[in-house]
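[1] Predicted model and sequence follow; I will ask about them next.
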Number of protein chains: 2
Amino acid sequence: MHIVITGGAGFLGSRLARQLLQRGQLTGADGKAQAITRITLLDVAPAQGFNDPRIESITGDIADAAVIARAIGPDTQSIFHLAAIVSGHAEADFDLGMKINFDATRLILERARALGTKPRVVFTSSVAVFGGDLPAQVPDNALLMPQSSYGAQKVMGELLINDYSRKGFIDGRAMRMPTISVRPGAPNKAASSFASGIIREPLNGQHAICPVSPETRMWLMSPRKAIENLIHGHEINGADLGLARFLSIDGLSVTVRDMVDALEQVAGAEVVKRIEWKEDEAIKRIVNSWPGNFNAARARALGFTADKDFAGIVRAHIEDEAKK
Amino acid sequence: MHIVITGGAGFLGSRLARQLLQRGQLTGADGKAQAITRITLLDVAPAQGFNDPRIESITGDIADAAVIARAIGPDTQSIFHLAAIVSGHAEADFDLGMKINFDATRLILERARALGTKPRVVFTSSVAVFGGDLPAQVPDNALLMPQSSYGAQKVMGELLINDYSRKGFIDGRAMRMPTISVRPGAPNKAASSFASGIIREPLNGQHAICPVSPETRMWLMSPRKAIENLIHGHEINGADLGLARFLSIDGLSVTVRDMVDALEQVAGAEVVKRIEWKEDEAIKRIVNSWPGNFNAARARALGFTADKDFAGIVRAHIEDEAKK
């Protein structure tokens, strides 16, 4: 079984690859677990730290059809399409967001369609597809009204996934992931970057800025849980998704204050003092347009699971970092 | 004031042009009625039957940026983007649907954005953006779940209109038009073509096939009302649309049986005998995925209006045909 992961050199893509290597198998179209023979990590930068003959790293622009054709071939049975221009970046550079978040997604789906083998495609969507006037707990049938270009581009990607699946071109599933926290590494241009930064940096003895108010409610998921759910999203039967190949994944609803309290509980009061509260209007506008709580009944019924509490997420982050 | 109408040689585009010529003015960005100096009708075929110096006809492929650049220029203040591959055709030819319904829409919006003058853009969307499990009367905040490629492409167009407006590139409005009945002329490849054919053909002494059951509920609008609402949609203040530049237009909810009864009431029992009931599964699948009734409260609050009854629509059709 050949699997392609776009954004494969990124934090989530690499972690997904490692988990897949460890499992050694994945359930695909025929409903049976198959041995993973090759994983292609496609990204703008080469994937780092792999020492496994099953891993292949391809670097290139995913908005280039030739690059996609190199990565996705007749033997490709699964594609995890994670590559994206993050929310804040897509808002600042509209054309780049359209090119990577939409055009590249379409090229990947066109390539998958051209294979004629109906490969499984897992597309990561986002809570940013929502916006506007919503109930405190967003139901599965809520209207999508993105208030960022990133969100609009993700909805367009969901629509392609849905229509390509309906037409029988692919077997797709678009999963609206909660904000991932705690991400390791450096801050990025996502409007939600702080949701990892305010935990990660203080734990590293560094200063962090929180650009939103403590009352801001966030819909979160740990990296471990995200990987588990991405794999589950691949393995479920496409027919079980019914008419909608898009899905809000269950997450953990916490306020930023809850997050900081959990950090204090796990790491102590001194650590928390490294957070500076300094609101940023551009970030607040985007983050506040995202719902902070969902009733993801459909995802739960399909077997997706959420983290239990944020302190547990902080502890898992410390554990994962200690392993490096 | 220069206005561009795509699909300008079509029935709705030509009729809109005629109505605009008769009015002589249109309210645009500054909220003031301006004299219409030029209307460009862009279509694959030349516009017919105009004899007015203000009318310009440009023929070409609207998926060609050079053609769009010829039609839309620095003096263009308004664009009515009506051109589309209809539902049944877009379902049969996925790539053509994507090219015209989506790519061409994007090219038009890119051209409008490049002008730097934030022109008003009226985009015709459709009830086909809906599908799946919906309440009998669809509210304004219902989830979009298109069950046709045409519907998916229209949602993607709405998302572009919304995001381009939010970013200040254009002043757009996407109007989900009910099925237009009674269309004059020949049948087309729209799944809803019968909704005009079962009235128009019998009135012309011709045989017509009804491919859906008499219980099928339709959401309809007469051509006259459609033109009135398209102009109204152009003239309303963009800010009044709030966060959502897309809008379900108010229509008339009738069953196909109601339509035929109205035809009998207006034209007599002999005329109705020319309708043959012969169900077509492909058409039924698409038409039955569209809601037949809405609570278009938002459109009503914004001053859009609906036809009162279907017999009135049939009479108006007879009147309009007699004028030719």
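    Cool, the structure landed.

[2] looking only at pLDDT, what's the mean for stretch A:225-241?
    Stretch A:225-241 shows a mean pLDDT of 97.

[3] Kindly report the same for stretch A:151-160.
    Taken as a whole, stretch A:151-160 has an average pLDDT of 98.

[4] With just CA atoms, put it into CSV.
    This file holds the C-alpha atoms of stretch A:151-160, laid out as CSV (Å, rounded to 0.1, in the frame of the first residue of the first chain):
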residue,chain,number,x,y,z
GLY,A,151,-12.1,29.4,6.0
ALA,A,152,-13.6,30.1,2.5
GLN,A,153,-10.9,28.1,0.8
LYS,A,154,-11.4,25.2,3.2
VAL,A,155,-15.1,25.1,2.5
MET,A,156,-14.4,25.1,-1.2
GLY,A,157,-12.0,22.2,-0.7
GLU,A,158,-14.8,20.4,1.3
LEU,A,159,-17.2,20.9,-1.6
LEU,A,160,-14.7,19.4,-4.1
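
[5] Can you confirm whether it lies near chain B?
    Yes. Using C-beta under 8 Å from any C-beta of the partner chain, stretch A:151-160 reaches chain B at A:Ala152, A:Val155, A:Met156, A:Leu159, A:Leu160. The way it works is simple: take the backbone N, C-alpha and C, and place the C-beta from them, glycine included.

[6] chain center to that stretch, what's the gap?
    The chain centroid and the centroid of stretch A:151-160 are separated by 14 Å, computed with C-alpha atoms, centre = their mean, to the nearest Å.

[7] what's in contact with it?
    A:87, A:90, A:97-98, A:101-102, A:105-106, A:109, A:123, A:125-126, A:128-131, A:144, A:146, A:174, A:176, A:245-246, A:289, B:146, B:152, B:155-156, B:159-160, B:162-163 (C-beta atoms under 8 Å, 6 or more residues apart in numbering or on different chains).

[8] tell me which parts of chain A are close to chain B?
    A:94, A:131-133, A:141-147, A:149, A:152, A:155-156, A:159-160, A:162-163, A:166-167, A:243-244.

[9] among those residues, which are in helices?
    In this view, the residues of chain A next to chain B that belong to helices under DSSP state H are A:Phe94, A:Ser149, A:Ala152, A:Val155, A:Met156, A:Leu159, A:Leu160, A:Asn162, A:Asp163, A:Arg166.

[10] Isn't the second one up against A:Ala92?
    No. Between A:Ser149 and A:Ala92 no contact is recorded; they are 9.3 Å apart, counting by C-beta atoms under 8 Å.

[11] follow-up on the earlier one: strands - which of the contacts of stretch A:151-160 land there?
    Among the contacts of stretch A:151-160, the members found in strands (DSSP state E) are A:Phe123, A:Ser125, A:Ser126, A:Ala174, A:Arg176, A:Phe246.

[12] So what's the residue count around the last one?
    Residues contacting A:Phe246 under the criterion other C-beta atoms under 10 Å in any protein chain shown number 24.

[13] Kindly report the same for the first one.
    Look at A:Phe123: counted by other C-beta under 10 Å, it has 28 neighbours.

[14] how about it, what does it touch?
    A:His81, A:Thr105, A:Gly157, A:Glu158, A:Ile161, A:Gly172, A:Arg173, A:Ala174, A:Met175.

[15] Let's verify A:Gln22: helix, strand, or coil?
    Secondary structure, DSSP: H, G, I helix; E, B strand; the rest coil: A:Gln22 is helix.

[16] A:Gln25 and chain B, how far apart?
    Separation of A:Gln25 from chain B (C-beta to the nearest C-beta, to the nearest Å): 33 Å.

[17] swap in A:Asp30?
    Per C-beta to the nearest C-beta, A:Asp30 is found 26 Å from chain B.

[18] which SSE is the spatially most distant residue from the centre of chain A in?
    No residue in chain A sits farther from the centre than A:Glu270, which is 31.5 Å out by C-alpha atoms, centre = their mean. Using DSSP states H and E, A:Glu270 sits within helix A:269-272.

[19] separation between A:His147 and A:Val212?
    Not His; residue A:147 is Gln. Distance of A:Gln147 to A:Val212, computed by C-beta to C-beta, to the nearest Å: 15 Å.

[20] what's the burial count for A:Cys86?
    For residue A:86 the amino acid is Val, not Cys. 18.

[21] Buried among the residues of chain A next to chain B? Need that as a selection in ChimeraX.
    In ChimeraX, a selection of the buried entries from these looks like this (16 or more other C-beta atoms under 10 Å in any protein chain shown):
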select /A:94,131,142,143,144,145,146,147,149,152,155,156,159,160,162,163,166,244
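
[22] Alpha carbons only: can I get the helix or strand encompassing A:Ile198 in CSV?
    Assigned by DSSP H and E, A:Ile198 belongs to helix A:194-203. What follows is helix A:194-203, C-alpha atoms only, in CSV (Å, rounded to 0.1, in the frame of the first residue of the first chain):
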residue,chain,number,x,y,z
PHE,A,194,-0.8,31.5,20.3
ALA,A,195,-2.9,28.4,21.4
SER,A,196,0.3,26.4,21.3
GLY,A,197,2.7,29.3,22.0
ILE,A,198,1.3,30.3,25.4
ILE,A,199,1.9,26.7,26.6
ARG,A,200,5.1,25.7,24.7
GLU,A,201,7.2,28.9,25.2
PRO,A,202,6.6,29.3,29.0
LEU,A,203,7.5,25.6,29.4
